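Peer 1: Would you be able to build a 3D model of this:
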Amino acid sequence: MQTEQIVRTFVEYFEERGHRRVTGSTLLPPSGDPVLFTTSGMHPLTPYLLGRPHPLGRRLVNVQRCLRTTDLEEVGDDTHLTVFEMLGSWSLGDYEGPQSLDWGHRLLTEGLGIDPSLLYATVFAGDEQTGPDTDSLGLLQERGVPVELTVEDNWWSNGPVGPCGPDSEIFLWSGDTPPRSTPTGDDRWVEVWNHVMMRHRRLEDGSLVPLPQRSVDTGLGLERLACLLQGKSSVFDCDVFEPWHRLVPSLWPLDEPSLRPVVDHLRSSVVVVGDGVRPSATGQGYVLRRLVRRVLTTLWRDEPSRTLGDLPDELLLHTLDHFRQDVDPGEVRQVLLDEERRFGRLMERGRQLLARPRFQGPLGDEDFHYLHDTHGLPRDLVLNLREE
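Peer 2: Numbering: from 1, shown residues only. Below is the predicted model:
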């Protein structure tokens with residue numbers, strides 16, 4: 001099943017059950033939001049999960065593009081991406097967790113064709129403040145899903161204070177043997193769908209108070225699901241990356257550990273530019289700058305003449321189309337090339353500075369501060385130049 005078919009199946013399934021699709025969600029959070037980028041499907045809906053009426057009603061479904069920089073160093077393994085999409089469904093004070101889990105199980109098995117014997121679930125076991133989630137446990141057992149009870153792994157919160165509640169997670173077996181063990185005992189059980197029962201608010205003293213309404217927030221990583229449904233071992237091998245794997249290796253011969261971050265960061269940069277961000281020294285622009293410069297550092301390590309100007313139009317068009325961004329690919333290319341030129345000039349200035357006698361020996365904190373504050377050379381760039 002191709003990615004676009006997965007999206008269509010997911011959205012239509014919930015629309016048939018009274019959910020309205022939320023559209024137009026970008027990577028950029030609303031004005032005044034303290035975070036730089038949208039990091040989850042529920043992020044733009046937080047005020048509504050806390051009780052504000054949503055103009056589309058109490059049942060919602062969405063496909064939300066997200067960006068996470070906390071996992072940047074892990075990008076390149078089999079599961080982590082910088083920009084990705086989350087499928088999500090929400091009940092804003094309407095139905096409860098067991099109904100959500102029932103629909104989730106039916107969609108996975110009947111709508112997406114997953115063998116029920118390859119599923120496992122985890123459910124909140126209860127602690128000294130909150131009892132076990134017996135309703136979710138009963139529903140999953142009724143559906144024939146094996147369940148593992150946990151405490152910390154099945155309690156969702158958005159920080160030390162604020163909305164929180166028990167969650168139930170559905171896992172899919174990814175191994176090439178019959179399923180074995182449990183999700184906490186074998187990492188071949190891959191989490192595919194999290195159902196959060198948002199019922200409480202944690203106060204600064206650690207106590208819990210009920211929220212004005214009991215809501216359900218679910219999230220399902222699209223690329224991870226596509227990878228599993230397509231029988232691939234890595235998110236980089238699912239169909240949305242096919243043009244990248246077809247075109248990039250012949251353009252820039254790279255080993256696999258280098259190819260994956262280059263593909264991820266370039267694709268992510270295109271999406272960030274497509275949402276209106278431009279490189280800068282702070283905020284959202286700095287995240288974009290960091291992504292582009294990490295790509296260039298890898299490309300120039302073996303061949304300094306490589307340029308983002310050689311990036312095929314097909315990759316820009318494919319990415320913008322997939323993320324539903326109505327942007328001129330020529331504009332995106334120009335932003336990337338402008339940043340490439342700035343970085344090239346900075347690299348050359350850095351080489352000249354580091355050739356001075358003062359910087360021939362080991363560098364101390366004072367040297368790094370001087371190079372950064374006076375000449376705009378960040379520590380990681382200085383270290384890269386010293387390794388040339």
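
Peer 1: and the residue nearest the centre of the chain, what does it touch?
Peer 2: Nearest to the geometric centre of the chain sits F84, at 4.4 Å (Cα atoms, centre = their mean). By Cβ atoms under 8 Å, 6 or more residues apart in numbering, F84 lies in contact with 65-66, 68, 221-223, 235. All C-beta spots, glycine's among them, are computed from the backbone N, C-alpha and C.

Peer 1: Now, these that are in strands?
Peer 2: Per DSSP state E, strands hold the following members of these: 65-66, 221.

Peer 1: returning to that earlier point: of the contacts of F84, which is the nearest to V262?
Peer 2: Distance to V262 across the contacts of F84 (Cβ to Cβ) is lowest for V235, with 15.1 Å.

Peer 1: Looks like that closest one contacts L228 (just checking).
Peer 2: No: using Cβ atoms under 8 Å, V235 is not in contact with L228, being 9.4 Å away.

Peer 1: For these two, indicate the residue with more neighbours.
Peer 2: Taking other Cβ atoms under 10 Å, V235 and L228 do not tie; V235 has more neighbours (24 against 21).

Peer 1: Lowest-confidence entry in the contacts of F84?
Peer 2: Sorting the contacts of F84 by pLDDT puts R68 at the bottom of the list (88).

Peer 1: How many residues are close by that residue?
Peer 2: 17.

Peer 1: Give me the nearest residue to it, chain neighbours excluded.
Peer 2: Closest residue in space to R68, ignoring its immediate chain neighbours: T39 at 5.3 Å, by Cβ to Cβ, 6 or more residues apart in numbering.

Peer 1: and if you look at D78?
Peer 2: Counting by Cβ to Cβ, 6+ apart, the residue nearest D78 is S234, at 4.2 Å.

Peer 1: Likewise for N384?
Peer 2: T297 (5.7 Å).

Peer 1: Now do the SS call for the one you found.
Peer 2: For T297, the secondary structure call by DSSP: H, G, I helix; E, B strand; the rest coil comes out as helix.

Peer 1: which parts of stretch 365-376 are buried?
Peer 2: Neighbour-count burial for stretch 365-376, counted by 16 or more other Cβ atoms under 10 Å, picks out 367, 370-371.

Peer 1: ok, these vs G113, which is closest?
Peer 2: L371 (56.3 Å).

Peer 1: hang on, the earlier thing: so the residue nearest to R68 touches L67, yeah?
Peer 2: Yes: shown here, T39 and L67 form a contact pair, counting by Cβ under 8 Å, at 6.9 Å.

Peer 1: More neighbours: the two, which one.
Peer 2: Taking other Cβ under 10 Å, T39 and L67 do not tie; L67 has more neighbours (24 against 17).

Peer 1: Model confidence score at the nearest residue to that one once chain neighbours are set aside, please.
Peer 2: Excluding its sequence neighbours, the residue lying closest to L67 (Cβ to Cβ, 6+ apart) is F37, at 4.1 Å. With respect to pLDDT, F37 has a value of 92.

Peer 1: if we can go back for a sec, quick one: the residue nearest to D78 and Q2, what's the gap?
Peer 2: S234 sits at a distance of 17 Å from Q2 (criterion: Cβ to Cβ, to the nearest Å).

Peer 1: residue ranges for the strands of the stretch 51-200 of the chain, please.
Peer 2: 59-67, 83-91, 119-124, 147-150, 155-157, 162-173, 189-202 (DSSP state E, counting those that start in this stretch).

Peer 1: Could you report the separation of V273 from H265?
Peer 2: V273 sits 12 Å away from H265, going by Cβ to Cβ.

Peer 1: Same check on P357?
Peer 2: From P357 across to H265, the span is 36 Å (Cβ to Cβ).

Peer 1: If you count surrounding residues, which of the two has more?
Peer 2: More crowded of P357 and H265, by other Cβ under 10 Å: H265, with 24 against 6.

Peer 1: Surely R188 touches G175?
Peer 2: Yes: the criterion here is Cβ under 8 Å, and R188 meets it with G175 at 3.8 Å.

Peer 1: Tell me where the protein has helices.
Peer 2: For the chain, helices defined by DSSP state H occupy the ranges 3-15, 46-49, 97-106, 134-142, 222-229, 242-251, 256-274, 283-302, 313-322, 329-354, 365-375, 379-387.

Peer 1: what packs against the first one?
Peer 2: Put plainly, it is helix 3-15. Packing partners of helix 3-15 (3 or more Cβ pairs under 8 Å, 6 or more residues apart in numbering; DSSP states H and E): strand 59-67, strand 83-91, helix 222-229.

Peer 1: Low-confidence bits of this structure, can you list those?
Peer 2: Applying pLDDT under 70 to the chain picks out residues 24, 71, 388.

Peer 1: for the ones in strands among the contacts of F84, which one is nearest P146?
Peer 2: Nearest to P146 among the ones in strands among the contacts of F84: G221, at 21.9 Å, using Cβ to Cβ.

Peer 1: who touches S207 in this structure?
Peer 2: Q129.

Peer 1: so how far is Y120 from it?
Peer 2: On the measure of Cβ to Cβ, S207 and Y120 end up 33 Å apart.

Peer 1: swap in P357?
Peer 2: Distance of P357 to Y120, given as Cβ to Cβ: 63 Å.

Peer 1: Could you do S280 as well?
Peer 2: S280 is 45 Å from Y120, by Cβ to Cβ.

Peer 1: For P261, find the nearest of the strands of the stretch 51-200 of the chain.
Peer 2: P261 lies closest to strand 83-91 among the strands of the stretch 51-200 of the chain, at 12.8 Å (Cβ to Cβ).
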